[in-house]
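Turn this into a model:
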Amino acid sequence: MRITLNKDKNIGKVLYIVEGSKTEKFLLWKIFANIFDYQVEAITRSHPYQIFNRKDNPYSKVFVINAAESNIKNIEKDDEFLNNLFIELIENYDFDIDNAAIYYLFDRDAESNTDPIFIKNLLNTLTNSRENEENYRQGILLLSYPSIESFTLSCFKKDCFSLKVNLGSELKRYLNINNFNQSNINESQLQVAVDNLVDSLMLINNGNFDIDNFKELNVKIFDLEESTYSQESMFNCLSLLAFSLIDLGLVEIES
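Sure, this is the predicted structure:
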């Protein structure tokens with residue numbers, strides 16, 4: 001399998017709504033500003049508006065925003081936080097939200113986002129980054145099991161899906177012990193992460209990887225992870241962050 005990065009692609013406006021205020025912002029800066037050389041803007045709970053790698057190109061930029069709390073229920077359809085956020089992006093930052101690709105990055109572990117029925121409903125609703133059915137605003141929900149640190153793991157450890165842990169804190173310790181540092185992620189490590197993701201998804205889906213019908217696969221991943229947790233009190237380490245790069249066309253995969 002050959003993985004190619006498209007570093008000159010026009011990606012338009014891209015919005016990531018993320019759970020954490022530090023790690024997700026750093027990883028997205030690392031990917032989009034440091035590796036792909038796009039402009040990145042961010043508003044988090046710990047910092048006001050920031051802009052990184054400023055560019056004159058108005059057609060390709062990434063905005064990273066914290067959810068109001070570390071709780072996936074902030075992204076319900078009629079949640080006041082989302083409504084106010086979209087108004088702020090349009091009025092204060094000239095961000096064309098109606099034509100943006102939106103990705104919701106949240107964790108699924110034993111101590112946060114613990115309502116599986118609610119999460120599964122979101123997975124069945126938030127299925128497309130640019131257009132969803134039933135008058136639901138565009139956006140796709142991409143989970144990390146058990147935490148976003150699974151993405152860092154996938155950059156350095158082949159077959160990372162085989163590693164099972166309970167909490168994100170346990171995974172952080174594993175990363176520290178093995179010196180898997182997110183600061184060291186580069187283009188080569190990003191390709192390893194994509195390779196890991198594709199291998200994991202093909203394993204889960206009997207050798208098939210269909211990005212055009214990701215809804216069913218997204219739910220299938222969730223069901224498998226929930227089953228593993230119910231039996232072993234652990235999750236297979238898997239982050240779907242890299243899927244957004246495939247969805248944006250920044251990564252091409254050839255068998």
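
residue contacts, Met234?
By Cβ atoms under 8 Å, 6 or more residues apart in numbering, Met234 lies in contact with 164-166, 228. Every C-beta, even on glycine, is put in place using the N, C-alpha and C of the backbone.

Tell me where the stretch 51-200 of the chain is predicted with low confidence.
For the stretch 51-200 of the chain, applying pLDDT under 70 flags the ranges 69-70, 77-79, 134-135.

out of the contacts of Met234, which is most surrounded?
Val165 (22 neighbours; other Cβ atoms under 10 Å).

and the gap between that residue and Phe52?
The gap separating Val165 from Phe52 is 31 Å, by Cβ to Cβ, to the nearest Å.

Tell me which stretches of the stretch 101-250 of the chain form helices.
Listed in chain order, the helices of the stretch 101-250 of the chain (DSSP state H, counting those that start in this stretch) span residues 116-125, 149-156, 168-177, 187-204, 214-232, 241-247.

Tabulate those in TSV, adding columns for distance to Tyr93.
Below are these laid out as TSV (distance: least, Cβ to Cβ, whole Å):
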stretch	distance to Tyr93
helix 116-125	26
helix 149-156	26
helix 168-177	30
helix 187-204	27
helix 214-232	29
helix 241-247	20
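
which of those is buried the deepest?
helix 149-156 (a mean of 26; mean count of other Cβ atoms under 10 Å).

Give me the helices and strands touching that helix, please.
helix 23-28, helix 168-177, helix 187-204, strand 238-239, helix 241-247 (3 or more Cβ pairs under 8 Å, 6 or more residues apart in numbering; DSSP states H and E).

mean confidence for the next helix-or-strand element following the first one?
Once helix 23-28 ends, the next helix or strand along the chain (criterion: DSSP states H and E) is strand 39-43. The predicted model assigns strand 39-43 a mean pLDDT of 95.

Off-centre distance for strand 39-43?
What separates the centre of strand 39-43 from the centre of its chain is 16 Å, taken as Cα atoms, centre = their mean, to the nearest Å.

partners of it in the sheet?
strand 50-52 (antiparallel), strand 60-66 (parallel) (DSSP bridges).

circling back: out of the helices of the stretch 101-250 of the chain, the one nearest Gly12 is which?
Gly12 sits nearest to helix 241-247 of all these, at 12.2 Å, using Cβ to Cβ.

What lies in contact with the closest one?
With Cβ under 8 Å, 6+ apart as the test, helix 241-247 has contacts from 16, 27, 31, 101, 103, 105, 129, 140, 142, 144, 148, 151, 154, 190, 193-194, 196-197, 211, 214, 251, 253.

starting at the chain centroid, how far to it?
Helix 241-247 sits 7 Å away from the centroid of its parent chain (Cα atoms, centre = their mean).

coming back round to it: quick one: closest of the strands paired with strand 39-43 to Asn10.
Comparing these against Asn10 with Cβ to Cβ, the closest turns out to be strand 60-66 (5.3 Å).

show me what contacts Ile75?
Neighbour list for Ile75: 17, 67, 82, 104, 106, 122, 126, 139, 141 [criterion: Cβ under 8 Å, 6+ apart].

Please repeat the previous calculation with a cut-off of 6 Å.
Neighbour list for Ile75: Tyr104 [criterion: Cβ atoms under 6 Å, 6 or more residues apart in numbering].

repeat for Ser200
Going by Cβ under 6 Å, 6+ apart, Ser200 touches 161, 238.

Kindly recompute the last result at 8 Å.
Residues near Ser200 by Cβ under 8 Å, 6+ apart: 160-161, 236, 238.

What of Leu153?
Residues near Leu153 by Cβ under 8 Å, 6+ apart: 160, 163, 171, 174-175, 180, 237, 239.

which one of these is nearest Val219?
Within these, proximity to Val219 (Cβ to Cβ) peaks at Ser239, which comes in at 16.9 Å.
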